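In: Based on what follows, work out the 3D shape:
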Amino acid sequence: MKIYVVAIAFMLFVSGCSSFSGEDKFTRSYVSAHITPNKTTESEVKTLYGTPDRQTSHSDGSYVWSFNKDGNMSSLSKALSYIPGTSALSGAMTSATIAQNTKDDISSVSDKVTGNSEHRSDSLTIYFTKNKVVSDWIM
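Out: Numbering: from 1, shown residues only. Model (predicted):
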């Protein structure tokens, strides 16, 4: 029973993190305002986006961090499906993902109707120098 309570609390925390900030961190205007190449540091990026979903290192000491808007929620849902007795929790994770996708679709339609042409993405890739400073980013 304890595992269910912990898992549900974790799921609510993870799914709620993006909505508490009030701002979509995966828009071009947000990234441009908060991440400046040759100035923004690794620690500043970590404060904004948390731990990256994927990290890649290069032989010259530079590296790349990738962030997904939904984090690793789909991976978590798949992992839960292999744990006996967690099918209800896995179903709740799937429902939460569907709800988020529906919210994003409604937002997209609303933007088209109002003429908002803000570029949004489901992923952000940030390139760092060996000195732990952002060299570039792409969405």
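
In: so where is this structure shaky, pLDDT-wise?
Out: Within the chain, the segments meeting pLDDT under 70 span 1-22, 72-118.

In: mind redoing it with 50?
Out: Counting by pLDDT under 50, the low-confidence segments of the chain come to 15-21, 73.

In: what residues go with each domain of it?
Out: Following automatic domain parsing, one finds the domains of the chain at 1-23+72-117, 35-69+121-139.

In: name the element residue 32 belongs to?
Out: For residue 32, the host element (DSSP states H and E) is helix 28-34.

In: Buried residues, that helix. List them.
Out: For helix 28-34, the neighbour count (16 or more other CB atoms under 10 Å) marks 30, 31 as buried. For the C-beta atoms, the positions are set from N, CA and C on the backbone; glycine is no exception.

In: can you pull the contacts of residue 65?
Out: When the contact criterion is CB atoms under 8 Å, 6 or more residues apart in numbering, the partners of residue 65 are 45, 52, 54, 55, 125, 126, 128.

In: Nearest to residue 61 among the residues you listed?
Out: Checking the contacts of residue 65 against residue 61 with CB to CB, the nearest one is residue 128 at 9.3 Å.
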